[in-house]
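Engineer: When you get a sec, could you give me coordinates for this:
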Amino acid sequence: MNLRSWASNSLEIQKLAADDKVAEEDESSKVLGMLWNTKSDTLTFAQRDIPVLDSVTKRDILKFSSRIYDPLGLLSPVTVRAKLLMQDIWKQKVDWDEPLSDEYLQKWNMLTTDLCSCHDTHLSRRYLPSSDTIQQSFELHVFVDASIQAYGAAVYISNNIQSRIVISKNRIAPVKPLTLPKLELMAAVVCARIAKHAQDSLQIEKVTFWSDSQIVLSWLSSDKPLQRFVRNRVDEIKSLSGDFPWRYCRTKNNPADLLTRGITARDLSMSTLWESGPTWLTDKLQCQPGTIEILHLYKRTHKS
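Structural biologist: Numbering: from 1, shown residues only. You can find the predicted model right below:
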């Protein structure tokens, strides 16, 4: 029984491993909870069994929706819909094992199809096409948004001619109502935290923050006294983001908007805004593409 095996996207290493009879036989290998197809050099999500039920409880929804393992938040525009449904049910104050109404059953079964199809999502292991001979200049663009239901942020890496999503994070709005500007500010805190993590992991020196909230941008640039709630969060944001600029972008160009309202898995697979960010990220001086690998940040996230 052979207890060793090697998996690689390199044809040379694959041949050496095959000659020594230690090559991985399966086309896809498990990598930190995801699947790596060495032939296509892509990452996919593990398939999870989420059944369509005739009757559903709050416990069922929590159990099955938690089966989607997505540490980088790349499926967040889809999975946020399950979080929003769970919070809506929570507000109804029903017991964990009490059968939910037909309305919630229908919503859950519709969502089940999307959650089951998440394993069809294929991601290139490399963020950007490779070029080993030319030193490239990379930068991060971090987008933030909030709605009355949820808020979050998404990080993109760009080399001036291409861009790609790196990581995202979203949260459900508190049950206790808050004004939309305060939710936007809480989203900016998440934005600053996730940007700091991505910057430290990828060792990228340039970061630009984008928000469609002019109120939050005003708070961040204001020298006037602010309310304690606002001041505490502004201080944390400034501490994490340092001297990097905060700029305004329109909602239609803000990929973080998808984190706050949710979309179907089919729409996500066709969304260039989510995959690559707004087109103007790459409307700059042309240069040769470089390489940064997705597994580098993934391993850092898994350890933290």
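
Engineer: which residues of the stretch 151-300 of the chain fall in strands?
Structural biologist: Counting by DSSP state E, counting those that start in this stretch, the segments of the stretch 151-300 of the chain that form strands are 163-172, 206-211, 246-248.

Engineer: Show me which parts of the second one are buried, residue by residue.
Structural biologist: Right, strand 206-211. Going by neighbour count (16 or more other CB atoms under 10 Å), the buried part of strand 206-211 is V207, T208, F209, W210, S211. In short, each C-beta sits where N, CA and C put it, glycine included.

Engineer: Let me see the confidence value for the first one.
Structural biologist: In other words, V207. With respect to pLDDT, V207 scores 95.

Engineer: Likewise for Q288?
Structural biologist: For Q288, pLDDT reads 34.

Engineer: Same check on the one 4 residues further on?
Structural biologist: Confidence at I292, expressed as pLDDT, is 50.

Engineer: The longest helix belonging to the chain - contacts with which helices or strands?
Structural biologist: Longest helix in the chain by number of residues (criterion: DSSP state H): helix 180-202. Here helix 180-202 touches strand 139-146, strand 150-158, strand 163-172, strand 206-211, helix 214-221, helix 228-241, helix 294-303, going by 3 or more CB pairs under 8 Å, 6 or more residues apart in numbering; DSSP states H and E.

Engineer: okay if I get these as JSON lines plus distance to A256?
Structural biologist: Putting the helices and strands packed on helix 180-202 into JSON lines (distance: least, CB to CB, whole Å) gives the following:
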{"stretch": "strand 139-146", "distance to A256": "4"}
{"stretch": "strand 150-158", "distance to A256": "5"}
{"stretch": "strand 163-172", "distance to A256": "8"}
{"stretch": "strand 206-211", "distance to A256": "8"}
{"stretch": "helix 214-221", "distance to A256": "13"}
{"stretch": "helix 228-241", "distance to A256": "15"}
{"stretch": "helix 294-303", "distance to A256": "18"}
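
Engineer: start to end distance for stretch 238-251?
Structural biologist: Its start and end residues considered, stretch 238-251 measures 23 Å (CA to CA, to the nearest Å).

Engineer: State the mean pLDDT of it.
Structural biologist: 94.

Engineer: Can you give the distance from it to the centre of its chain?
Structural biologist: Taking CA atoms, centre = their mean, to the nearest Å, one finds stretch 238-251 lying 19 Å from the centre of the chain it belongs to.

Engineer: Just the residues contacting it, thanks.
Structural biologist: Stretch 238-251 is contacted from outside by 143, 145, 192-193, 195-196, 206-212, 214, 217, 220-221, 257, 278, using CB atoms under 8 Å, 6 or more residues apart in numbering.

Engineer: next one: stretch 171-190
Structural biologist: Contacts for stretch 171-190 (CB under 8 Å, 6+ apart): 80, 83-84, 87, 90-91, 144-153, 169-170, 209, 211, 213, 215-216, 219-220, 229-230, 233-234, 236-237, 256.

Engineer: Mind doing that once more with 7 Å?
Structural biologist: 83-84, 87, 91, 144-146, 148-153, 169, 211, 213, 215-216, 219, 229-230, 233, 236-237 (CB atoms under 7 Å, 6 or more residues apart in numbering).

Engineer: how much space between the closest residue to K91 other than its chain neighbours and I148?
Structural biologist: Setting aside the residues directly before and after it, K91 is nearest to V175 in space (CB to CB, 6 or more residues apart in numbering), at 6.7 Å. Relative to I148, V175 is positioned 12 Å away (CB to CB, to the nearest Å).

Engineer: circling back: closest to K63 out of the strands of the stretch 151-300 of the chain?
Structural biologist: When those are compared by CB to CB, strand 163-172 sits nearest K63, at 17.9 Å.

Engineer: List the buried residues of that closest one.
Structural biologist: Buried residues in strand 163-172, counted by 16+ other CB under 10 Å: S163, R164, I165, V166, I167, S168, K169, N170, R171, I172.
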